[in-house]
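Peer 1: after the sequence you'll find the predicted model.
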Amino acid sequence: MSMVFDAPLFETLFWRRTRRFPKGGKITSRRAGLNYTSTEEPLSLSEEETALLCFATAGVTGVTVEEIRHLLGHLTVVGRTCGSPCASLTMNLFFTNDDGVFLYKGYRPQGSAPTQKIRLKTKEDRAKILADYRTTTLKLKEGRIDIPRSAIGSAFESMVNLPGTTMFIPLADTTREYINLLLTGLAQFRWQLYDEVAGKPAGVGRWIENGFLNGKRMTIAQYDAMLPWLCNLEAGMAIQNLSLAATAMGLGSFMMHTIDLPTVMEALNVRFEKPREDSFPQATNNPVGIDTILEGFCPPYMSLEEAVEEIADLKWGPEGIYGEKGYDLRLPEVYKSIVEIAKEYCHYLYDTYGRFPKYCDAMFIPILAQVHHLDNGFYEGFFPEYLSDADRMHGSEWHKGM
């Protein structure tokens, strides 16, 4: 494992390519004469390989720097290998392989404001990567996730979720950042929250009338459009890290959208809530969470008042990051008002339209990725220029005796 830590960043960037063909794969292509059937047996990623890939995607490296603490911005102080807007950690990393379906939680610091700023300062600290993987990875079920082949795009249906491959599934919880960004935006910009359909304030009229909300108009549609973008950003950075790590390790990887993502969520046992009968005509079933595993900050798991209070407590409660046991900062004068406004706005959405959020989903999969052992025979035959020394030496370095 140690050699991968010495991989130069820019050399890894140069070598990074989407490489989809795994050991045990098959291509029946009419283009460019690429028909090929692997003669090698599928080979699953080892525990060490999987741990490193999970760490590269969503591993905890220490504590955020917190320059913006006075603006109510951050939701946690957890610093990860990939960026997370407001450190909200909206991305939850699931993966599936021949052994089962798993949720990688990574390390979670104890307390509100940990004093251990950097966790991986020395070479000896690298052992924490495997230790975190072993102690925080939750096994959800035996066996590979069941995705019907008909739900996979025909372009690479014969290479996805095969024996030996590992599929990584980032599931974004928009409700965490929906409420957190609402509190932050109200504090900084005093948005006048507005229902563009009804043509009136979205439950916050009295704060507009008394001048507290004196900023720009923010419609429900405008606000809802922010969340998928932020969650896509976080997942995109994380999966790029995964791709670079796989490249440095001599593994193949590729990202994909051409799979029916609701089918993947159903296979993960995500709960879908039907919109109320009096909801708006375009309302769709809302994926809200996985019972007992990952529950959104919304009904049916909690009321919206409870959801806002819980997010607020993560920031300014006694155990919160800015509270008495955290950075112990003075409670801003606007705090109580913005919490009350956030509650009224969220209640308005749910009471009026029977869905939270209104337009975007409570949870969604921004992207999928697969990592696997390359069939070097395929690449030696068709694309030898895209095989690095790390690729050619992977078996001898990582799977000695094979």
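Peer 2: Yes, it's here. Residues are numbered from 1 along each chain as shown.

Peer 1: so where's this structure shaky on pLDDT?
Peer 2: In the predicted model of the chain, residues 1-2, 29-32, 68-72, 107-116, 401-402 satisfy pLDDT under 70.

Peer 1: tell me, what residue is most central in it?
Peer 2: In the chain, the residue lying closest to the centroid (C-alpha atoms, centre = their mean) is residue 91, at 2.2 Å.

Peer 1: let me know how buried residue 143 is, in neighbour terms.
Peer 2: Neighbour count of residue 143, defined by other C-beta atoms under 10 Å: 11. Any C-beta I mention is one placed from the backbone N, CA and C, and that applies to glycine too.

Peer 1: and what of residue 202?
Peer 2: Around residue 202 there are 24 residues (other C-beta under 10 Å).

Peer 1: test my guess that it contacts residue 347.
Peer 2: No: applying C-beta atoms under 8 Å as the test, residue 202 and residue 347 come out as separate, 9.9 Å apart.

Peer 1: report the distance from stretch 39-49 to the chain centre.
Peer 2: 25 Å (C-alpha atoms, centre = their mean, to the nearest Å).

Peer 1: again but with stretch 330-344, I slipped
Peer 2: The chain centroid and the centroid of stretch 330-344 are separated by 28 Å under C-alpha atoms, centre = their mean.

Peer 1: put the alpha carbons of it into CSV.
Peer 2: Extracted in CSV, the C-alpha atoms of stretch 330-344 (Å, rounded to 0.1, in the frame of the first residue of the first chain):
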residue,chain,number,x,y,z
ARG,A,330,-21.5,34.9,21.3
LEU,A,331,-25.0,34.1,20.0
PRO,A,332,-25.8,36.5,17.2
GLU,A,333,-28.7,38.8,17.8
VAL,A,334,-30.5,37.6,14.7
TYR,A,335,-30.3,34.0,15.7
LYS,A,336,-33.8,33.5,17.1
SER,A,337,-35.5,35.5,14.3
ILE,A,338,-33.8,33.5,11.5
VAL,A,339,-34.7,30.2,13.2
GLU,A,340,-38.3,31.2,13.5
ILE,A,341,-38.4,32.5,9.8
ALA,A,342,-36.8,29.2,8.6
LYS,A,343,-39.5,27.2,10.5
GLU,A,344,-42.3,29.3,9.0
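
Peer 1: which residues sit against the helix or strand harbouring residue 79?
Peer 2: Element membership for residue 79, per DSSP states H and E: strand 78-80. Contact with strand 78-80 is made by 58-65, 84, 87, 89, 106, 108-109, as judged by C-beta atoms under 8 Å, 6 or more residues apart in numbering.

Peer 1: wasn't residue 333 part of a strand?
Peer 2: No: assessed with DSSP: H, G, I helix; E, B strand; the rest coil, residue 333 is coil; it does not lie in a strand.

Peer 1: going forward, the N-terminal residue is numbered 35.
Peer 2: Okay, residue one is now 35; in that scheme the one you just asked about reads as residue 367.

Peer 1: burial measure for it, as a count.
Peer 2: Residue 367 has 7 nearby residues by other C-beta under 10 Å.

Peer 1: in the chain, mark out all the helices, start to finish.
Peer 2: 43-49, 81-92, 161-170, 208-223, 239-243, 254-283, 295-301, 338-350, 369-387, 410-416, 423-426, 428-432 (DSSP state H).

Peer 1: need those helices in CSV (columns: mean neighbour count and distance to residue 74).
Peer 2: Formatted as CSV, the helices of the chain follow (neighbours: other C-beta atoms under 10 Å; distance: least, C-beta to C-beta, whole Å):
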stretch, mean neighbour count, distance to residue 74
helix 43-49, 12, 22
helix 81-92, 23, 17
helix 161-170, 16, 27
helix 208-223, 23, 41
helix 239-243, 16, 65
helix 254-283, 20, 18
helix 295-301, 18, 27
helix 338-350, 20, 48
helix 369-387, 20, 53
helix 410-416, 16, 7
helix 423-426, 17, 14
helix 428-432, 16, 10
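
Peer 1: so can I have a markdown table of these showing distance to residue 326?
Peer 2: What follows is the helices of the chain, written out as a markdown table (distance: least, C-beta to C-beta, whole Å):
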| stretch | distance to residue 326 |
| --- | --- |
| helix 43-49 | 39 |
| helix 81-92 | 21 |
| helix 161-170 | 16 |
| helix 208-223 | 17 |
| helix 239-243 | 37 |
| helix 254-283 | 22 |
| helix 295-301 | 16 |
| helix 338-350 | 17 |
| helix 369-387 | 23 |
| helix 410-416 | 42 |
| helix 423-426 | 40 |
| helix 428-432 | 36 |
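
Peer 1: between those, which one is closest to residue 60.
Peer 2: helix 410-416 (10.1 Å; C-beta to C-beta).

Peer 1: list the single closest residue to residue 224 in space, sequence neighbours excluded.
Peer 2: residue 249 (3.7 Å; C-beta to C-beta, 6 or more residues apart in numbering).

Peer 1: next, that neighbour: phi, psi?
Peer 2: phi -90, psi -160 (degrees, to the nearest 10).

Peer 1: wait, it sits on residue 227?
Peer 2: No: contact criterion C-beta under 8 Å: residue 249 and residue 227 do not qualify, at 9.9 Å.

Peer 1: and those two? Which one has more around it.
Peer 2: More crowded of residue 249 and residue 227, by other C-beta under 10 Å: residue 227, with 28 against 15.

Peer 1: pretty sure that one sits against residue 236.
Peer 2: Yes: because the distance of 4.5 Å satisfies C-beta under 8 Å, residue 227 is recorded as touching residue 236.

Peer 1: between these two, what contacts are shared?
Peer 2: With C-beta under 8 Å, 6+ apart, residue 227 and residue 236 have common neighbours 254, 379.

Peer 1: and the residue lying closest to residue 132 once chain neighbours are set aside, how many residues sit next to it?
Peer 2: Using C-beta to C-beta, 6+ apart and skipping the chain neighbours, the partner closest in space to residue 132 is residue 78 (5.1 Å). When neighbours are defined as other C-beta under 10 Å, residue 78 has 17 of them.
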